[in-house]
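[1] With the sequence up front, the predicted model follows.
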Amino acid sequence: MKAGEGFIMERKKETVYDRARMSAVTISLQEMPKEDHVDFYPEGEKETKVFGGKFLEKWAELSAEGGFHLLMGMGNACEKESGTVREICAAAAKEMKEREIREFSCDMGSIVGLWGEEALKEAAEGIVLGLYAMERFSDKKEKGWMVAFTGVAENEAAKALIREGQVLAGAVIFARDMVNRPANILRPEDFAAEITALMEGLPVEVEVLPLKKLREEKMGAFLAVGESSAYPPCMLVLRYLPKKGQNDPEEGNITALVGKGVMCDTGGYCLKSSQSMAGIKGDMAGGAAVAAAIYALAQNGASDNVIGVIPMCENRIAPGSMIPGDVVRAGDGTMIEILNTDAEGRLILADAVSYAVRKEHADRIVDIATLTGAMARMFGSSITGLMADGEGFCRELLAAADRSGERFCRVSWYKEHEKMIESEIADIKNTSPSCPAITAGLFIRHFAAGKPWIHLDIAGTADVETPVFAYQEKRATGVGVMTLYELCNR
């Protein structure tokens, strides 16, 4: 294939794959030399080292014909783990974005040579995420991008991989935009409407349970948090069931993805500190990740049965808001003593997980939530804390994480931790005096009714002040979308 020809990626709703002649703006991806020497120098200055192919090292130059060329280092073979290709391509795309170069080609020969054709999916993810910019509230419309992949055979398999990567990256961007959106623009019903619109044209059944239905279902834990707000709560249920009705019980298994959707979290009467108030609008990152993952699964034609349950509400201070000392009945009949109104996420997830088991007949559950500061302090902004009940299910999740490149660390618990959420006046209580990250997870586990269960606490990884990886931007990361997708795309 000639330079300047290849697959075209457009950051638009409809993706076009055509052969096209591009302008002389190219990105070359270079592996670090095995010997200790540098291959690239400015003409006439060979005594000065300028580019050695180190990981994410860049060298830009203008050709004699006026074209712009960017060399991007890929590092050593030992650095080639999941997420590496995504990061390399995102860093290259960011360089083009900074220079306002909106049409360019990317030579994928080295990537495919080292990682194989499968790497095209991750490369597409990196390009799309590298070109991402945080949503701005302005009348000014952003111009589109056009990117060509060259140096790769143009066949249906390659096209499918590139499209899969674009769809998945687009799903991550949806999650980021939702988390970054101000709470006064994204109320619970607005969030439900955004997700409903996202699923249009896809084989996903969407049901919104309004306040009246929540009361009929007697979801006392969920209602304790959201009922008093002027902006009523709702619960969104997404059903993607490509194997519905199959006779084989294993084939028909349903995985439930349950995501926390607190649109704004003041802490209630246990009011957050002023330092914590700036981030209260993004307490629905788990719900956004669930919706985005199901969108990508449906768009890419995954074959596993998946449902999403997203409880959406606000945790505000109002005359009818819950207060410490209240006792409420959850939808499954569990009596809960509320000791901290800022431990609201586990309350709404309790009813959501229980609903997934009792009403949607889920066979296994993953809950994902910005739940505890304790988990964030333990693992920082690059590792998500994980708890699991079911060894086989946990191994599947960690294998999915290996494919996605997202990082997780499992947290253990013992019987003494389970006793920490026992209440003197009810069945369980929503806080404990110690081990807050562990007991928060165990509280949710209670409502999984013994089903295989995984808990992902993304409090530290859902939002970053300084990007950790090249494919991230400041603020929302969209963490969890790719791993949930890989988990349910077996």
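    The structure has been received and is ready for your questions. Numbers count the residues shown, from 1 in each chain.
[2] next SSE after the longest helix anywhere in the chain?
    Ranked by number of residues, the top helix in the chain under DSSP state H is helix 156-180. The element immediately downstream of helix 156-180 (helix or strand, assigned by DSSP states H and E) is helix 188-198.
[3] I'd like the mean pLDDT over that next one, please.
    Within the predicted structure, the mean pLDDT of helix 188-198 is 98.
[4] Enumerate the positions of it that are buried.
    188-192, 194-196, 198 (16 or more other Cβ atoms under 10 Å). Where you see a C-beta, it was placed from the backbone N, CA and C, and this is true even at glycine.
[5] now stretch 358-366
    Per 16+ other Cβ under 10 Å, stretch 358-366 contains these buried residues: 362-366.
[6] Which pair of the residues you listed spans the longest distance?
    363 and 366 (11.7 Å; Cβ to Cβ).
[7] Now for those two: what residues contact both?
    Common contact partners of residue 363 and residue 366 (Cβ atoms under 8 Å, 6 or more residues apart in numbering): residue 255.
[8] Would you mind stating the distance between residue 345 and residue 369?
    Distance from residue 345 to residue 369, counting by Cβ to Cβ, to the nearest Å: 5 Å.
[9] same check, this time on residue 204
    When distances are taken as Cβ to Cβ, residue 204 and residue 369 turn out to be 22 Å apart.
[10] Could you do residue 393 as well?
    In this structure, residue 393 lies at 18 Å from residue 369, with Cβ to Cβ as the measure.
[11] what do you get for residue 198?
    To residue 369, residue 198 is 20 Å away according to Cβ to Cβ.
[12] Repeat that for residue 186.
    Taken as Cβ to Cβ, the span from residue 186 to residue 369 is 17 Å.
[13] Among these two, which residue is more densely surrounded?
    Neighbour comparison, residue 186 and residue 369: the larger count goes to residue 369, with 32 against 22 (by other Cβ atoms under 10 Å).
[14] got the angle for the longest helix of the chain vs helix 188-198?
    Angle of helix 156-180 versus helix 188-198, following axes from the mean of the first three to the mean of the last three Cα atoms, to 10 degrees, is 170 degrees.
[15] The chain should start at 432 in everything you say after this.
    OK, 432 is where the count begins now, so the last one is helix 587-611.
[16] re the thing from before, check the contact lists of residue 776 and residue 800 and give me the overlap.
    Shared between the contact lists of residue 776 and residue 800 (criterion: Cβ under 8 Å, 6+ apart) are residues residue 691.
[17] so the top strand by length along the chain versus helix 619-629, what angle?
    As far as residue count goes, and with DSSP state E defining each element, the longest strand of the chain is strand 736-746. Relative orientation of strand 736-746 versus helix 619-629 (the same axes, to 10 degrees): 150 degrees.
[18] mind listing what strand 736-746 pairs with, with the direction of each?
    Strand pairing for strand 736-746, determined by DSSP bridges: strand 665-671 (antiparallel), strand 685-690 (parallel), strand 692-696 (parallel).
[19] List the buried residues of that strand.
    736-746.
[20] now, which of the residues you listed sits nearest residue 809?
    When these are compared against residue 809 (criterion: Cβ to Cβ), the nearest one is residue 746, at 23.5 Å.
[21] Distance check, the closest one against residue 914.
    Note on residue 746: its distance to residue 914, by Cβ to Cβ, is 27 Å.
[22] Present the strands paired with strand 736-746 as JSON lines; the columns should include mean neighbour count.
    As requested, these are exported to JSON lines (neighbours: other Cβ atoms under 10 Å):
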{"stretch": "strand 665-671", "mean neighbour count": "23"}
{"stretch": "strand 685-690", "mean neighbour count": "28"}
{"stretch": "strand 692-696", "mean neighbour count": "29"}
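[23] Could you export these as a markdown table, including mean pLDDT and distance to residue 497?
    Compiled in a markdown table, the strands paired with strand 736-746 are given as follows (pLDDT from 0 to 100; distance: least, Cβ to Cβ, whole Å):
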| stretch | mean pLDDT | distance to residue 497 |
| --- | --- | --- |
| strand 665-671 | 98 | 49 |
| strand 685-690 | 98 | 50 |
| strand 692-696 | 97 | 50 |
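[24] Quick one: closest of those to residue 518.
    When those are compared for distance to residue 518 using Cβ to Cβ, the nearest one is strand 685-690, at 25.7 Å.
[25] Which residues does the closest one contact?
    Contacting residues not belonging to strand 685-690 are listed as 672, 715, 717-722, 724-725, 735-741, 780, 783-784, 787-788, 791-800, 915, 918-919 [Cβ under 8 Å, 6+ apart].
[26] Try it again at 6 Å.
    By Cβ atoms under 6 Å, 6 or more residues apart in numbering, the surrounding residues in contact with strand 685-690 are 717-718, 720-721, 736-741, 783-784, 787, 793-799, 915, 919.
[27] Run the chain-centre distance for that strand.
    Strand 685-690 sits 14 Å away from the centroid of its parent chain (Cα atoms, centre = their mean, to the nearest Å).
[28] Likewise for stretch 558-572?
    When distances are taken as Cα atoms, centre = their mean, stretch 558-572 is centred 18 Å away from the chain's centroid.
[29] Span of it from start to end?
    Criterion Cα to Cα, to the nearest Å; first-to-last residue distance in stretch 558-572 is 20 Å.
[30] cool, stretch 637-651 as well?
    Distances were taken as Cα to Cα; on that basis the terminal residues of stretch 637-651 are 23 Å apart.
[31] and which of the buried residues of strand 736-746 is nearest to residue 762?
    The closest of these to residue 762 turns out to be residue 742 (Cβ to Cβ; 10.8 Å).
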